[in-house]
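Novice: Sequence plus predicted model, see below.
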There are 2 protein chains.
Amino acid sequence: MTASRLEKALAYTFSDSSLLQTALTHRSHSSPHNERLEFIGDSILNCVIALELFRRFPSLAEGEMSRLRANLVRQETLHQIAETLAIGTELRLGEGEMKSGGNQRPSILADAVEALIGAVHQDSSFDHASRLVVGLYKERLDAVVPGQQIKDPKTRLQEYLQGRRMPLPKYSLMQTSGEAHAQNFCVACEIPSLRINTQGIGQSRRAAEQMAAEKALETLK
Amino acid sequence: MTASRLEKALAYTFSDSSLLQTALTHRSHSSPHNERLEFIGDSILNCVIALELFRRFPSLAEGEMSRLRANLVRQETLHQIAETLAIGTELRLGEGEMKSGGNQRPSILADAVEALIGAVHQDSSFDHASRLVVGLYKERLDAVVPGQQIKDPKTRLQEYLQGRRMPLPKYSLMQTSGEAHAQNFCVACEIPSLRINTQGIGQSRRAAEQMAAEKALETLK
């Protein structure tokens, strides 16, 4: 486990590195595993995003804040954050889980992000955990335009390209894996003339396309 | 509005009393009303109870913590807390809402408790809001026996009386009010030989009985 790389990505150094290890340990591997930390991490995440929306948008109604938050804390978003942090390579999974591609499963990766938030809280304070959340979500929070639907990455990519008279991307399904009840889709997003070729995975084809588009946007910007 | 009485009950004095006023203002009365504060208060409540369960019960599994929390943060519990704080007398409601008994409606009272938590956060810090939540929930948190269903007030009252060979309570429906879709039940809990006669209200007969039992327990202890 290269803790230092992940700590750098999180902009947080653990005093108690066993908390970091627990956050990265799936229940299929050993105990203590990350489910308890995930429970508090999820609560902290929901709370911090609520407070941040409240602070940023003083005239937004409760219902709108609630809708925006649901969008920000859902598994798809957490999965994208996990990919940015490259958490998959650091996860400790049981043998069976590892063989079946558990370290790429969106739900496992999303849970690990929440567990990391919980671990930072236990290692220091609510304020530190809050700073971590705001840091991880900075670009997404900055992109929120109140009163307007948050545009999904595919839409943002298309608008970005159209605004610059650039060619549009082509999405293609590369692979599906896993059993029927827990399938993963791998989709490529290609813009040959811009030498863009990114991939995304997700539990639906749509989710995989969105992740690929998100990565293409990051490459472009 | 006797702010000082409520502030005393909350064990918190506001620097900005307009936040207290907003927390007590229902949307039927005027703007700013308490819905935004309720949104963050609800998030803070969920988060603080999660952290408190995590801290108090180091070996409790995620699922059990989640179940315990759901029990603690539901409307029925918040309504009981609102009754203890006598929030109903301080609520600012529109005329129509007031006439139809809005200041006794469980949902309105529960929302106001959450708004007060949010208001304390905005007036000071997460730590202060956290202290408020832990204070309001102290007895309920102390009563949590992990691995065991939290006993409802009726059960606790019955066991308390049986353990002391005291006569059992009698519950009777005193009144129903409101229209079919938003009925309120008022139930009395009587133990004549102990001179106990408490009342509870709720959106179901069961909820009203539980509140009456809770009050009887408080009188007895």
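Specialist: Nice, I can see it.

Novice: quick one: pLDDT of the residue sitting furthest away from the middle of chain A?
Specialist: What lies farthest from the middle of chain A is A:R165; by Cα atoms, centre = their mean that is 29.9 Å. Note on A:R165: pLDDT of 88.

Novice: and it, that's in a strand?
Specialist: No - the assignment for A:R165 (DSSP: H, G, I helix; E, B strand; the rest coil) gives coil, which keeps it out of a strand.

Novice: What distance do you get for it to A:A213?
Specialist: Distance of A:R165 to A:A213, given as Cβ to Cβ, to the nearest Å: 19 Å. Using the backbone N, CA and C atoms, a C-beta is placed for each residue, glycine as well.

Novice: Please apply the same query to A:G101.
Specialist: Applying Cβ to Cβ, the value for A:G101 to A:A213 is 22 Å.

Novice: So which of these two has more stuff around it?
Specialist: Using other Cβ atoms under 10 Å in any protein chain shown as the criterion, A:G101 and A:A213 rank with A:A213 on top: 24 against 16.

Novice: helix or strand for the more buried one, which one?
Specialist: Per DSSP states H and E, A:A213 falls inside helix A:205-220.

Novice: Can you give the distance of that helix from its chain's centre?
Specialist: Centroid separation for helix A:205-220 versus its chain: 12 Å, with Cα atoms, centre = their mean, to the nearest Å.

Novice: Buried residues in that helix, which are they?
Specialist: Across helix A:205-220, burial judged by 16 or more other Cβ atoms under 10 Å in any protein chain shown covers A:205, A:207-217.

Novice: And stretch A:96-108, by the same measure?
Specialist: A:97, A:100-106, A:108.

Novice: so can I have TSV of those showing pLDDT, secondary structure and distance to B:A9?
Specialist: Formatted as TSV, the buried residues of stretch A:96-108 follow (pLDDT from 0 to 100; DSSP: H, G, I helix; E, B strand; the rest coil; distance: Cβ to Cβ, whole Å):
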residue	pLDDT	secondary structure	distance to B:A9
A:E97	92	helix	51
A:S100	91	coil	55
A:G101	90	coil	55
A:G102	92	helix	50
A:N103	92	helix	51
A:Q104	92	helix	52
A:R105	93	coil	48
A:P106	93	helix	46
A:I108	96	helix	45
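
Novice: Can you lay out those as JSON lines showing distance to chain B?
Specialist: Shown next, in JSON lines, are the buried residues of stretch A:96-108 (distance: Cβ to the nearest Cβ, whole Å):
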{"residue": "A:E97", "distance to chain B": "17"}
{"residue": "A:S100", "distance to chain B": "22"}
{"residue": "A:G101", "distance to chain B": "23"}
{"residue": "A:G102", "distance to chain B": "18"}
{"residue": "A:N103", "distance to chain B": "20"}
{"residue": "A:Q104", "distance to chain B": "23"}
{"residue": "A:R105", "distance to chain B": "18"}
{"residue": "A:P106", "distance to chain B": "19"}
{"residue": "A:I108", "distance to chain B": "14"}
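
Novice: Format these as JSON lines; extra columns: distance to B:H128.
Specialist: JSON lines is the format used below for the buried residues of stretch A:96-108 (distance: Cβ to Cβ, whole Å):
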{"residue": "A:E97", "distance to B:H128": "42"}
{"residue": "A:S100", "distance to B:H128": "47"}
{"residue": "A:G101", "distance to B:H128": "46"}
{"residue": "A:G102", "distance to B:H128": "41"}
{"residue": "A:N103", "distance to B:H128": "41"}
{"residue": "A:Q104", "distance to B:H128": "42"}
{"residue": "A:R105", "distance to B:H128": "40"}
{"residue": "A:P106", "distance to B:H128": "37"}
{"residue": "A:I108", "distance to B:H128": "36"}
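
Novice: so what secondary structure elements neighbour the helix holding A:A213?
Specialist: helix A:75-85, helix A:153-163, strand A:170-177, strand A:184-191, strand A:196-202 (3 or more Cβ pairs under 8 Å, 6 or more residues apart in numbering or on different chains; DSSP states H and E).

Novice: need the residues of chain A near chain B, please.
Specialist: For chain A, the residues in contact with chain B (Cβ under 8 Å from any Cβ of the partner chain) are A:35-36, A:38-40, A:42-44, A:46-47, A:50-51, A:54, A:60-62, A:65-66, A:121, A:126-127, A:130.

Novice: could you give me the average pLDDT of stretch A:211-221?
Specialist: Averaging pLDDT along stretch A:211-221 gives 87.

Novice: ok so, going back, what is the nearest of the buried residues of helix A:205-220 to chain B?
Specialist: A:A207 (24.3 Å; Cβ to the nearest Cβ).

Novice: Go ahead and confirm that closest one touches A:L78.
Specialist: No - checked against Cβ atoms under 8 Å, the pair A:A207 and A:L78 is beyond contact range at 11.8 Å.

Novice: give the contact list for the closest residue to A:F54 other than its chain neighbours.
Specialist: Of all residues not flanking A:F54 in the chain, B:I40 sits nearest, at 5.0 Å (Cβ to Cβ, 6 or more residues apart in numbering or on different chains). B:I40 makes contacts with A:47, A:50-51, A:54, B:118, B:121-122, as judged by Cβ atoms under 8 Å, 6 or more residues apart in numbering or on different chains.

Novice: quick one on the thing from earlier: got a quick PyMOL command for the buried subset of the residues of chain A next to chain B?
Specialist: In PyMOL, this line selects whichever of the residues of chain A next to chain B come out buried by 16+ other Cβ under 10 Å:
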select buried, chain A and resi 35+36+38+39+40+42+43+44+46+47+50+51+54+60+62+65+66+121+126+130
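
Novice: quick one, domains of chain A?
Specialist: Using automatic domain parsing, the domains assigned to chain A come out as A:3-142, A:153-220.

Novice: Tell me how many other residues crowd the spatially closest residue to A:H33 that is not a sequence neighbour.
Specialist: Spatial nearest neighbour of A:H33, chain neighbours left out: A:R27 (4.1 Å); criterion: Cβ to Cβ, 6+ apart. Neighbours of A:R27 under the rule other Cβ under 10 Å: 18.
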